[in-house]
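Asks: Below are the sequence and a predicted model; questions follow.
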Amino acid sequence: MPVIDVHTHMYTPAWLELLKAKGGAYNIQRRPDGQDEIFRGNTPVAIPQPGHFDYALRIQQMDAAGIDISIVSLTCPNVYWGDEATSCQAAVESNDAMARAQAQYPDRIRWFTSLPWEYPERAVQELERSCANGAVGVMVLANISGRSLTDPFFEPVWAAIDQRGLPVLVHPTDPPGVDLMDMTKYDLSWSVGFMFDTTLAFTRMIFDGFFDRFPNMKLIASHGGGTLPYLVGRFEKGDEVEIAERRRMKRKPTDYLRHIYYDSITYDPRSLQYLVSVVGASQVMLGTDWPHQVHDARGALGKVDALGADVREAVRGGNALRVFGL
């Protein structure tokens, strides 16, 4: 059984230079430790690391960690900045670099396409182009420049993805209002804001009937689903008292939680065990978040193995083989 990492990231130098030149609110600031960090205004977003740009280094890390296949994705802020031409250029740059990496390492690398979601017609075109070039899924942030993923504006893109039955990695970014919520300090935008962003995006989808409209959708909730598993009882109680006239979902909230997929990035084995207890072993896949400074490449497999023999093989690679059709 191959070990497959479904949550791991890459940038390209050209993508980063484009962000610096045309990133709008996004900017580069120097941290007290001397590292350059991507900010949106004064909110920290991501810290580029050497591994974000070096596939040879990635393969070395995979060998050291015991990972056979990495399904790489562009991380936040993705391509949701600049005008239409800039967003499309950033998507093509990232996607083509990943296609080249797969060609260079055909047994080790697969990839998620990034799309210019703010321009739906162009996004569908890039979906078709990048899938033809080998993309096995789509990566989207949990909010697109502050817009909800359930916004009707994005329906054409979701319809095209659903028609293909593609897996979609939903990755958080800084949620709208982080400055108003005083999350710009102490990396709270990461430790709390990212979890909030993922949780809110999926909760909207569940209660909005998104999964009923798009039955082929295979969404992966990053970082163990944020706080989704912990809120299962609250979701069920909320549905119990919901006004019948405005109820849009056709099943119970727990049914949708067990329909969504999750990565294993929880950092604490107790959180991972609880996630599996709520959603089932068939819904969880290995993730490391490498090469972010907060990655768990060394500990990820150990936490999965601690789940027990009846679960470990499914999470290490069996589920990803099924979901991605590898």
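Replies: That came through fine. The shown structure was predicted, so the numbers you read here are calculated from the model rather than taken from an experiment.
Asks: Quick check: phi and psi at residue 109.
Replies: With angles defined as degrees, to the nearest 10, residue 109 sits at phi -120, psi 130.
Asks: check contacts around the closest residue to residue 55 other than its chain neighbours.
Replies: Leaving aside its sequence neighbours, residue 55 sits nearest to residue 101 (C-beta to C-beta, 6 or more residues apart in numbering; 4.9 Å). C-betas here are computed from N, CA, C, even on glycine. By C-beta atoms under 8 Å, 6 or more residues apart in numbering, residue 101 lies in contact with 10, 55, 72, 109, 111.
Asks: Just to check, the second one is in contact with residue 105?
Replies: Yes. With contact defined as C-beta atoms under 8 Å, residue 55 and residue 105 form a contacting pair (6.7 Å).
Asks: In terms of neighbours, single out the busier of those two.
Replies: Higher neighbour count among residue 55 and residue 105: residue 55, with 20 against 17, using other C-beta atoms under 10 Å.
Asks: Run through the residues that contact that one.
Replies: Contact analysis of residue 55 by C-beta under 8 Å, 6+ apart lists 10, 101, 104, 105, 109.
Asks: Count the neighbours of the last one for me.
Replies: Read it as residue 109. Neighbours around residue 109, by other C-beta under 10 Å: 23.
Asks: ok, and for stretch 54-66, which residues are buried?
Replies: Using 16 or more other C-beta atoms under 10 Å as the test for burial, stretch 54-66 gives 55, 58, 59, 61, 62, 65.
Asks: how far does that stretch sit from the chain's center?
Replies: 21 Å (C-alpha atoms, centre = their mean, to the nearest Å).
Asks: where along the stretch 1-150 of the chain do the helices fall?
Replies: Applying DSSP state H, counting those that start in this stretch to the stretch 1-150 of the chain gives helices spanning 13-22, 55-65, 84-104, 120-132.
Asks: so which of the ones you listed gets nearest residue 29?
Replies: Proximity to residue 29 (C-beta to C-beta) singles out helix 13-22 among those, at 11.6 Å.
Asks: Okay, buried residues for the closest one please.
Replies: For helix 13-22, the neighbour count (16+ other C-beta under 10 Å) marks 15, 16, 18, 19, 22 as buried.
Asks: Can you tell me which of those lies closest to residue 234?
Replies: The shortest approach to residue 234 among those belongs to residue 19, at 37.7 Å (C-beta to C-beta).
Asks: Next one: that closest one, what pLDDT does it get?
Replies: You'll see residue 19 listed with a pLDDT of 89.
Asks: which residues touch it?
Replies: Contacts of residue 19 by C-beta under 8 Å, 6+ apart are 26, 38, 77, 81, 90.
Asks: mind redoing it with 7 Å?
Replies: 26, 81 (C-beta atoms under 7 Å, 6 or more residues apart in numbering).
Asks: ok, now how distant is residue 256 from residue 129?
Replies: For residue 256, the distance to residue 129 equals 31 Å [C-beta to C-beta, to the nearest Å].
Asks: Have a look at these two and say which one is more surrounded.
Replies: residue 256 (23 against 16).
Asks: Figure out the helix or strand that the more buried one lives in.
Replies: helix 253-257 (DSSP states H and E).
Asks: Can you report the mean pLDDT over the residues of that helix?
Replies: 94.
Asks: Packing partners of it?
Replies: Helix 253-257 makes packing contacts with helix 232-240 when contacts are defined by 3 or more C-beta pairs under 7 Å, 6 or more residues apart in numbering; DSSP states H and E.
Asks: Can you list the neighbours in contact with the helix it packs on?
Replies: Counting by C-beta under 7 Å, 6+ apart, 252, 253, 254, 257, 278 sit against helix 232-240.
Asks: Convert the C-alpha atoms of it to CSV, please.
Replies: Coordinates of the C-alpha atoms in helix 232-240 are reproduced here as CSV (Å, rounded to 0.1, in the frame of the first residue of the first chain):
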residue,chain,number,x,y,z
VAL,A,232,-21.3,17.5,15.6
GLY,A,233,-23.7,17.7,18.5
ARG,A,234,-24.3,21.4,18.0
PHE,A,235,-25.1,20.9,14.3
GLU,A,236,-27.6,18.1,15.1
LYS,A,237,-29.3,20.3,17.8
GLY,A,238,-29.4,23.2,15.4
ASP,A,239,-31.0,21.1,12.7
GLU,A,240,-33.5,19.8,15.3
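Asks: 25 is where my numbering starts, stick with that
Replies: Let's use 25 as the start, then, which means that last one is helix 256-264.
Asks: Tell me the buried residues in that helix?
Replies: Buried residues in helix 256-264 (16+ other C-beta under 10 Å): 259, 263.
Asks: Averaged pLDDT, that helix. What do you get?
Replies: Helix 256-264 comes out at a mean pLDDT of 88.
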